[in-house]
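Enquirer: Structural data only, the sequence is not supplied:
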């Protein structure tokens, strides 16, 4: 439910719109707010801004962050379509962080889901106001005035939107019931797309990422963080560091107070004239660190701890029927354990920020997914108010969840306060990999009893991983919303089914990485299903359809992060399996002799994805992926090219996770540092062809950025099994010798 | 004093001669189109042309560039319309875009040497350039599109 009204351009909008502009704001209210009367009392905090300028230009603010999904193009495009203006006349302004915009956290593949309606409503509202302004001007009934292509016409009359702006701004804002929305047949851009606004700047080199920000008198900082999470500076010898040409001084960043949340890790900063001098100075620092309680964190023994945890009964996240009674009947039992390691985000642009502390206030420029979290985190670190922090959002050179956590912006602000100048904090690649908020390591135990046809009569699954909630609670041990990511919302039609989650303690910072817990959950669930099908010698597509059962609706809406309004439609899940089989030519494919095909299906972020992967294993045991087929049901598609590109990219991201991604700790220290020991897929290792089909239906729009990732690892592993007979139960695949 | 040419202009530098060309370009000349990604020559984000050849500017010092001609993404074409740039935009290659300057410089160097590369030659030439968003399929497509178009 949205509320739309005229907005004063004074204040935070002043720099964006001219004095003569018509500016509309939209507030997204919780469902039912109108019915229960709370809408009227809710503070007026509009989210989306549309400005119509007297010169005919249309200014739309992008309040979500651009990290490569094309959202800075897609959301304004929806508004422009409903308003019916030429895309050439649309100018996009990136919003600063401000609670007045509503939710700006560009995360969880939610932007289109959350703002599609608001964009259309804004456009339709402005269009009707323009028609009414024209009617008043010409003395004709409003119903005879049609706003199309940036102008309003009635018989014998014609005026551009710009000419009508002053009059339209005097019109009362129409109620939603009065609005006439376009029918899908009338869409010009929705479902078709427009040129991506940032492409020209990217190919010319002019696009501004966080690392490209420069402000007058700025100094550069590189920070030596505690090598073990929770470590503190005992003493520093900076004598040699200060002798490095270009180094100005060293400063300390205070350690965090648990829980770690988004606070800086602490450490010693080298302040210098340029990035190189700061990095060189750091090499000469001699820091004595206090021991940390996490200094005994060792990935090898931690793996055993996790596996032991999942071998024992744990807390049930979902329990259907009586699994134990069914197992006790003594039918045929299958068991398997799966393990997936920690991962680093490794966006191509390491985190960085520029901040200036002046007169008790902070101005920051940052590649951030969440500028309001920047305001809150910086304010807390400096003891000022969030509204005294201005955060300008640059383009993000990749993010994948890392740039939701603004510890690096707080570092820049803390240092600027000490230096008295704007400070640019630059994290090296090594800093990025060694001090990440890591994707959690996870162990999964799976058990099933099967009938004569190999179909499960009972299914038990247990997982354990250090939870994201450890950010906010030092005692957190169990998964929170992670459990609703392909675990407790498992879609199989099995009479006795239990999903459990066991405890695990975090010894590093844990964060969400593109598709989050779906990565390891889908790996275990879809691999184990393939194992059962193999044991029964059944065709994988036929078996999967049998396992997920007949078309029906599962109510998973109460399981976070499933969204209210989005049930789990088994018919749609079946459809993507059937379609991807068809698209990949599954029925005619023969696996064996180092060449194989694997299937995986997974729903995440309300999107249904069927995946078939083809693999070739060469004489040295290296895995090549000639082709990936995706069939994607993500409901309404706004910008098809950008949706396809997200799945093309997810196939590569998922390949990196499956084949080569692994972060480990020894003595509490992270052992990987750069792309030589934390490799990601290169052009010759990535899937050669990715074919994406988007299912056309009238369903609500769903998530796009993440859902292509989870099916990749199990589909690759299932294909390897088909090609070699080797079952991969531990990621990354490179740890298993295939020949 | 080190003298070199950057995008056709003569430059003089009297700072740390060991400073990588990357940081000289970015921090001192404000040519920020060339990106930092790894500092070890592993990812290719910092690729520039030095006397026409694709080089990793993060592991090449300013002193090693003395007397040479450096071209960055900003100087690849005066209207940013090098066939590779045109193809990149047509194919909508970029997602986040951060690595793409390096990809474009690498691809332009490849086409200068091999006007009609095969898929295998493209993979060979481009495997030093990481794209974490995973745009490789479109990179290959855009290189084929730009192949044979006069630069």
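Expert: Received the coordinates, thanks. Just so it is clear, the model here is predicted, and its values are computed rather than measured.

Enquirer: show me what contacts the residue of the stretch 151-300 of chain A found nearest chain B?
Expert: Using Cβ to the nearest Cβ, the single residue of the stretch 151-300 of chain A nearest to chain B is residue A:205, 2.3 Å away. Where you see a C-beta, it was placed from the backbone N, CA and C, and this is true even at glycine. If a contact means Cβ atoms under 8 Å, 6 or more residues apart in numbering or on different chains, then residue A:205 has B:31, B:32, B:33, B:34, B:72, B:73, B:74, B:80, B:101 as its contacts.

Enquirer: Enumerate the residues of the stretch 101-250 of chain A near chain B.
Expert: Contact residues (Cβ under 8 Å from any Cβ of the partner chain) of the stretch 101-250 of chain A with chain B: A:195-196, A:198-209, A:211-212, A:214, A:220, A:245-246.

Enquirer: just the buried members of the residues you listed?
Expert: Buried members of those, counted by 16 or more other Cβ atoms under 10 Å in any protein chain shown: A:196, A:198-199, A:201-205, A:207-209, A:211-212, A:220, A:246.

Enquirer: Sort out which of these are in helices and list them.
Expert: Those of those mapping onto helices are A:199, A:201, A:202, A:203, A:204, per DSSP state H.

Enquirer: Dump those to CSV, plus pLDDT.
Expert: Shown next, in CSV, are these (pLDDT from 0 to 100):
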residue, pLDDT
A:199, 97
A:201, 98
A:202, 98
A:203, 98
A:204, 98
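
Enquirer: any idea which of those is closest to residue A:541?
Expert: residue A:199 (38.4 Å; Cβ to Cβ).

Enquirer: so how far is residue A:201 from the closest residue to the closest one other than its chain neighbours?
Expert: Among residues not flanking residue A:199 along the chain, residue B:89 sits closest, at 5.1 Å (Cβ to Cβ, 6 or more residues apart in numbering or on different chains). Distance from residue B:89 to residue A:201, counting by Cβ to Cβ, to the nearest Å: 10 Å.

Enquirer: Would you mind naming what in the stretch 301-450 of chain A lies close to chain B?
Expert: A:346-350, A:395-400, A:426, A:428-429.

Enquirer: Most neighbours out of these, which is it?
Expert: Scoring those on neighbours with other Cβ atoms under 10 Å in any protein chain shown, the highest-scoring entry is residue A:397 at 31 neighbours.

Enquirer: close enough to count as contact, that one and residue A:209?
Expert: Yes: assessed by Cβ atoms under 8 Å, residue A:397 is found in contact with residue A:209 at 4.7 Å.

Enquirer: Give me the common contacts of these two.
Expert: A:349, A:367, B:35, B:97, B:98.

Enquirer: tell me the contacts of the third one?
Expert: For residue B:35, the set of contacting residues under the criterion of Cβ under 8 Å, 6+ apart consists of A:209, A:211, A:348, A:349, A:397, B:45, B:46, B:98, B:99, B:101, B:102.

Enquirer: quick one: contacts for the spatially most central residue of chain B?
Expert: Nearest to the geometric centre of chain B sits residue B:105, at 3.0 Å (Cα atoms, centre = their mean). For residue B:105, the contact set (Cβ under 8 Å, 6+ apart) comprises B:47, B:48, B:49, B:54, B:71, B:72, B:73, B:76.
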